[in-house]
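**Q** Got a predicted structure here, sequence first:
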Amino acid sequence: MPGIARTVAMILAGVVVLGGVVFLVVTRPTEVPLHGRELYLRYCAACHGVSGKGDGPAATAVRPRPANLTRLRERYGGQYPIRDVMAAVDGRYKVRAHGDSAMPVWGVLFERETEAQNARWLQQNTLPQVRLIAEYVLSLQP
């Protein structure tokens, strides 16, 4: 009997250790502590301007001109199209700029940055960054 008890105890200890490891991996926080404003200023303000009115320093070189992001809610009948904004930021919705060129697709850049840091957390980091930008643009609405 002592051999069986020891085996059972070892199995239980192994299950507890494995469960602890799984818990730590699953609950690991994502590495996206940046606020939407910081991301917006880094990736969007050059064209859309700090205020979001499409008057950034690079706006004159972009054709058609960058959108006035402060009027999105107005253009959509009082609703803020957060899914459309996210799709424009991450590249699922193509935005014309520089003639036939597309607006920079930040979703792809966020994925590449994340791959360089830690490929296991790719999906968890890209979507929150895009959402933070879209939520910040919401704060620019009158």
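**A** Arrived safely, thanks for sending. Numbers count the residues shown, from 1 in each chain.
**Q** Now do the helices in the protein.
**A** For the chain, the helices defined by DSSP state H cover 2-26, 36-43, 45-48, 72-75, 82-90, 106-118, 122-139.
**Q** tally of neighbours for the closest residue to residue 82 other than its chain neighbours?
**A** Spatial nearest neighbour of residue 82, chain neighbours left out: residue 134 (5.1 Å); criterion: Cβ to Cβ, 6 or more residues apart in numbering. (Each C-beta comes from the backbone N, C-alpha and C, glycine too.) When neighbours are counted by other Cβ atoms under 10 Å, residue 134 registers 23.
**Q** Next one: residue 81 relative to residue 7, how far apart?
**A** In this view, residue 81 and residue 7 are 61 Å apart by Cβ to Cβ, to the nearest Å.
**Q** which one of those two has more residues nearby?
**A** Shown here are residue 81 and residue 7; by other Cβ under 10 Å, residue 81 has more neighbours (16 against 10).
**Q** phi, psi of that one?
**A** Per-residue torsions, residue 81: phi -80, psi 70 (degrees, to the nearest 10).
**Q** My guess is it contacts residue 72. True?
**A** Yes - using Cβ atoms under 8 Å, residue 81 makes contact with residue 72 at a distance of 6.5 Å.
**Q** Residue 69 - nearest residue in space that isn't next to it in sequence?
**A** Using Cβ to Cβ, 6+ apart, the closest residue to residue 69 is residue 52 (3.8 Å).
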